[in-house]
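Trainee: I'd like to go over a predicted model; first the sequence, then the structure.
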Amino acid sequence: MGTDKQPVGILDTLNMETVRTILTHKYPYPHEHSRHAIIAVVVGCLFFISSDNMHTLIQKLDKNFKWWSIYACLLGFFYFFSSPFVGKTMKPSYSNFSRWYIAWILVAALYHLPSFQSMGVDLRMNLSLFLTIFISSVFVLLVFHLVFLGLWYIGLVSRVAGRRPAFMTIFQNCAVLSVACCVFYSHCGNHALNERPFGRKDSGFFSLWNKGERNALLAKFLKMYEFKDEVCKSWFAPVGSARDYPLLSKWVIYGEFSCSGPCESSDEISPIYSLWATFIGLYIANYVVERSTGWALTHPLSVKETEKLKNKQMKPNFLDMVPWYSGTSADLFKTVFDLLVSVTVFVGRFDMRMMQAAMSGGHEGAKQEDFLYDHFSEKNDFWFDFMADTGDGGNSSYSVARLLAQPSLRVLDDGCLTKLPRGDLLLIGGDLAYPNPSSYTYEKRFFRPFEYALQPPSWYKEEHIAVNKPELPFGVSQLKLYDGPQCFIIPGNHDWFDGLQTFMRYICHKSWLGGWLIPQKKSYFALKLPKGWWVFGLDLALHSDIDTDQFKFFTELINQKVKENDSVIIMTHEPNWLLDWYWDDVTGKNVSHLTRDYLKGRCKLRMAGDLHHYMRHSFVPSESRVSVQHLIVNGCGGAFLHPTHVFSGFKELYGTKYENKAAYPSVEDSSRIALGNILKFRKKNWQFDFIGGFIYFILTFSMFPLCNLDHILQDDTISGHVKSFFSTVWDVFMYMVAQSYVSSIGSILLLVAAISFVPSKVSRKKKVVIGVLHVSAHLAAALVLMLLMELGVETCIRHNLLATSGYHSLYEWYRSVESEHFPDPTGLRARLEQWTFGLYPACIKYLMSAFDVPEVMAVTRSNICKNGMGSLSRGGAIIYYASVFLYFWVFSTPVVSLVFGSYLYTCINWLHLHFDEAFSSLRIANYKSFTRFHIKDNGSLEVFTLAVDKVPKEWKVDSEWDNELKQMQQLNHHRKYPSKWRANAFNQDPVNTVRIVDRFVIQTYKEDLEVENGSVSH
C-alpha cells in the first residue's frame, strides 16, 4: 500500500532557532568570545583525533584494567565537578573559570598516565608546544592591543574601538589558537605518525568481530585517512621559503621531525609557524575590521548602549533565584550583618513603628487618616487580591505579577469556565525582596517584575519621592474616585533587616508599584471595605508581635468604628499559628489578645505569608466560641518553595479545632520534592563549592601525605584490598584524633557548627546525636577521598610516571627536544635570552612547572616521605599543599554536596527538621499562587486561590501588547493587554496554565458559620 508520507531529510529535523543561536553573534564583538573559533577547533580536533586513534582505542579497551580504572575514577570525579556548568554561563563567571580550571588540571593529570603514546598522542610534545605558542600569542596580542588603543587615542580609528578587551578574553583566544595549532600540526605535520602501517595484532573487544566486519571497518578508516591527508596537503602544508624570511632561515620548528638522528635545518618554513601566523593574522584582521569599519558604520551607538538596547528589546532582564548556600555572595554576608545589627540594635531599643506613631500624633485627630482608609467602603462587587513573599527570582515574581495585572482571568471552576476580574485592591504580606532590603534588591527583584506586568503612568519617574500622598492622576480629585488598582503592603522580617529604612523609602514615600497606586503612608493600616468587611494590616517587625502604639490604634478602632456584625480579616506576615505549633512556642500575645478579647468572633479570616506554600485550615464546628474561622498561609508570591508535609499535624488554635482543607503543593508532592536535595543540591548550589571544598581540605590537612601504603597495593584479592583500605581509613582517623592539630581543630569546630545547625525544635541530646552523625559522614567521606588520591599518586610514582626527574621534568624534556629538533646555529635563542634579560626561557620553564601540578605534588611528596616534613621549607610546604588542594577540591566538592544534601533530605522527610534550609537549597521557582477575594452582594466573601504549577523561564515581547493602540495620558490598567512579556511557548504562559487549587465561601452572619466548600484540586 502506498503512503503519502514524504521522507524527512536531516535539514528538516534541525531546530533552526538552535542553529541560528550557534552560528550568529550573541554579542556585538563575537571574536572576543571565540564562538566561531571554538566551534572550528572542536570539530577539527574530533576529526583528526578520531581518524588517527579510534581503531587503536577500540583495540585497547580491554587491556590494562588497573589504568583504565584510574582513568574512569579521574574522569568521573572531573565530570561530577563540572556537571552543574555544562551548557551554562553563570555570573559571576564561575562556570567559565571552572572549564579552564578543569582543562588545566585534568590534562596535567592525564599527561602522566600511560597508553597515550601507544595511541599516537604525544602529550609531552603537544603540551610543550601549546605552552610555547600560548606565551608567544599572549605577547603578540597584548602588543597589538596596546598599539591599537594608541591609534584610537590619537583618533586614527573609530570611536567604538576604545573598548578595551578583557584580559580573560585575550587569554581565551590565545588558548583556542594554541590548541588548534597543536592538534592540526601534530596530525598533519608529523609524517612518522601519518605513515604508520595499520598492521596490528587484534585482541580483546576487536576479536569479537568477524573478519569481514573488521575489514569493512578498517576500510572506512583508510578512506578517512586519505581524506585527512588531502586536507593536510591542501590546507596545512608548509608555506613559503625561509629565504623570504631571513630571521627564520636557521630556526625551523619541527621542520624535519620524521628524520632519524639530529636534524638539519630546512629551507621550508614550518607548517606550525604558517598556521600560527595565519590564526594571528585572522584575529587581528577581524578585530581591526569590526572595530574601525563595518561595525562602526552599521552600529552608530556605543557598545554599551547597543547591548542595553538589545537586552531591553529582546528579553526581560530578570535576576535568578537567590543562592542561599553561596560562599561568595556579598548580599548574603550583608544580610547576616544587617540581621545581627537589627537584632542587637533595633529590637527593644529603636522601633520605627514608635516613630511612625509619634510623627502622626498618636493616631488621633486628622492624622488618623495616615492609618485608616475607608475609600473602598462604598464600592459594589468588590474584588481584591492577596500575595506575599515576592522579590526572589524574576521569572516567578513576574509570573504572579502578570496574573495579578490581567483585566480578568478565565479559569475552570467545577467544570465551568469562570471569569475572575482583576482586584481593585492588592494586599502584599511582606518580604518584598531577598535576601536583604536595599535599593538594588527592591528595584530589581520587586519593582521591575511589577512594572513589566503593569506599567506605571507615563509621567512617573523612578527617582520621585512622594511627600504628600496620595498623589492622584490628573483629573482625579479624590482617592475614592480613582478607578485603577491600588496596593497596600505590610513589611516582613526581611524588610526589617535594615530597620525598615528601605521599606519606608520605597513604599511609604513612593506612589506607584508598577500600575498599582500606593496610597499608604505607614507600615500598618486599617482598610474599610464594602458590606462591613475590614482588613487590619499588622506590622510584626522582628518581635513577631505588634507594639503598644499599634495595639492602641486597633483597639480604639474596634471600639469606635467596627460594628457588632462587621467582619475582619487580619493580615500579618508570619503565620504564628503554624510556627508556634512547629517550634512549640508562644508568640504574638498582643495579636492574640486583640483577636480574642476585642474582636470577639468577628475575625473571620487570618492570612499570612512567610511560609512559601499555600495551606488553609478551617475550624471544626463546635459549641464553643470561634475566635477565627479560617487560617490561610499563602507565601507563593515568587520566593523559593517551602514544604507542606512538615506542617500537616497542626490541629488547634485558641482552643478551637481545625482541619486542613487544602495544601499546595500537596503533602505527597512536598515529600517527593524534598528528594531533590540528594540529586540536585550541587547543581542548584554550585557556589557552595567554596565552603565545602575548603572544609574537607581542612579535615584532611594534617594527614597529607600518606607514605606507607604498601599493604594496600600488595594484596592479591579484591576483598583484601578493600579490607586493607578501610583499616587504613580507621588508622588515619585515629592518627588525626591523637596527633594532628589542624585537622582535629577543624573537626571540633565543624562538630560545634553541626550541632548548632540542628534546629532547637529537638532536645539537646538529639541535637548532639544528629550533629555527630552528620560530621561523621563528612569526615568518613573526606578520609576516603584523601586515601584514594594518595593511592593514585603512589601508584604513578611506583610505575615511574611521576617524580622521575624533579620539578621541571616537562621543561627539561622540552629543552632536549628543542636542541634536537629546533636547530639554532646562529644563536638566536641566546640573543633572545639576552634581549629579554632571561625572561624568555624562565617564563617557559616556570609556566611548565606551574602547569605540571601532579609532578610538583609527587616530587615534594617523595621528599617528605624520604626526609620528613622538617626537611621542607615554608615555601615548599605552601607549594605542596596548594598542589594537593587543587586536585582535592575537585574530588571533594561533589561529595560534600552529596553528603550535605542527603543530610537535609533525611532531616526534612524523616525528622521534619530544617524545613527552611532543606527547601531554600532547591531554589524552586515553580508552584506559585495568590488568593483572590470577592465580596458578594449578600456580604459573604468568596475566596479563590489561583496557582501556576510551572513557571516559564523564557519570555518574549507580547505582540498583542506591542500592537495595542496606546493613547497619550492613558493609564495602563485600561489596556486590554497590560503586560509586556509573555512566555515563549503558548501552553506555558501563566495566563493559560493558571488554575484554582482552593475555593470556599465565608458567610458573615453569626447564625450561619458553615462554610460552602468548593472543589479543591492538587
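Mentor: Yep, that arrived. Numbers count the residues shown, from 1 in each chain.

Trainee: CA only for contacts and neighbour counts going forward, please
Mentor: Will do.

Trainee: now do the helices in the stretch 701-850 of the chain.
Mentor: Per DSSP state H, counting those that start in this stretch, the stretch 701-850 of the chain carries helices over the ranges 710-713, 718-738, 742-757, 764-798, 809-821, 828-835, 839-851.

Trainee: OK, contacts around residue 677?
Mentor: 901, 902, 904, 905, 918, 921, 922 (CA atoms under 8 Å, 6 or more residues apart in numbering).

Trainee: make JSON lines out of these and add secondary structure, distance to residue 508 and pLDDT.
Mentor: Shown next, in JSON lines, are the contacts of residue 677 (DSSP: H, G, I helix; E, B strand; the rest coil; distance: CA to CA, whole Å; pLDDT from 0 to 100):
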{"residue": "901", "secondary structure": "helix", "distance to residue 508": "41", "pLDDT": "93"}
{"residue": "902", "secondary structure": "helix", "distance to residue 508": "44", "pLDDT": "95"}
{"residue": "904", "secondary structure": "helix", "distance to residue 508": "40", "pLDDT": "95"}
{"residue": "905", "secondary structure": "helix", "distance to residue 508": "41", "pLDDT": "95"}
{"residue": "918", "secondary structure": "helix", "distance to residue 508": "35", "pLDDT": "94"}
{"residue": "921", "secondary structure": "coil", "distance to residue 508": "33", "pLDDT": "91"}
{"residue": "922", "secondary structure": "coil", "distance to residue 508": "34", "pLDDT": "92"}
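
Trainee: out of the residues you listed, who's nearest residue 415?
Mentor: residue 922 (34.3 Å; CA to CA).

Trainee: correct me, but the closest one touches residue 680?
Mentor: Yes. Assessed by CA atoms under 8 Å, residue 922 is found in contact with residue 680 at 7.3 Å.

Trainee: can you list the contacts of residue 677 in JSON lines and add distance to residue 569 and neighbour count?
Mentor: Formatted as JSON lines, the contacts of residue 677 follow (distance: CA to CA, whole Å; neighbours: other CA atoms under 10 Å):
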{"residue": "901", "distance to residue 569": "40", "neighbour count": "24"}
{"residue": "902", "distance to residue 569": "41", "neighbour count": "21"}
{"residue": "904", "distance to residue 569": "36", "neighbour count": "28"}
{"residue": "905", "distance to residue 569": "37", "neighbour count": "25"}
{"residue": "918", "distance to residue 569": "32", "neighbour count": "27"}
{"residue": "921", "distance to residue 569": "33", "neighbour count": "26"}
{"residue": "922", "distance to residue 569": "33", "neighbour count": "26"}
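
Trainee: buried sites along whichever helix or strand residue 130 is part of?
Mentor: Using DSSP states H and E, residue 130 falls within helix 123-153. With burial defined by 16 or more other CA atoms under 10 Å, the residues of helix 123-153 counted as buried are 123-124, 126-135, 137-138, 141, 145, 148-149, 152.

Trainee: do stretch 580-590 as well
Mentor: Buried, per 16+ other CA under 10 Å, within stretch 580-590: 581, 582, 588, 590.

Trainee: make CSV from the residues you listed and add secondary structure and distance to residue 862 to it.
Mentor: What follows is the buried residues of stretch 580-590, written out as CSV (DSSP: H, G, I helix; E, B strand; the rest coil; distance: CA to CA, whole Å):
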residue, secondary structure, distance to residue 862
581, helix, 60
582, helix, 57
588, coil, 65
590, helix, 70
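
Trainee: ramachandran coordinates for residue 571?
Mentor: Its backbone dihedrals place residue 571 at phi -110, psi 120, with angles given as degrees, to the nearest 10.

Trainee: that one: how many residues sit nearby?
Mentor: For residue 571, the count of nearby residues is 26 (other CA atoms under 10 Å).

Trainee: OK, contacts around it?
Mentor: 429, 535, 536, 537, 538, 606, 607, 608.

Trainee: run through the bridge partners of it.
Mentor: Residue 571 has these beta-bridge partners by DSSP bridges: residue 537, residue 607.

Trainee: and the pLDDT at residue 298?
Mentor: Residue 298 is assigned a pLDDT of 51 by the prediction.

Trainee: go on, residue 657?
Mentor: Here the pLDDT value assigned to residue 657 is 93.

Trainee: start to end distance for stretch 901-910?
Mentor: 14 Å (CA to CA, to the nearest Å).

Trainee: alright, that wraps it up for me.
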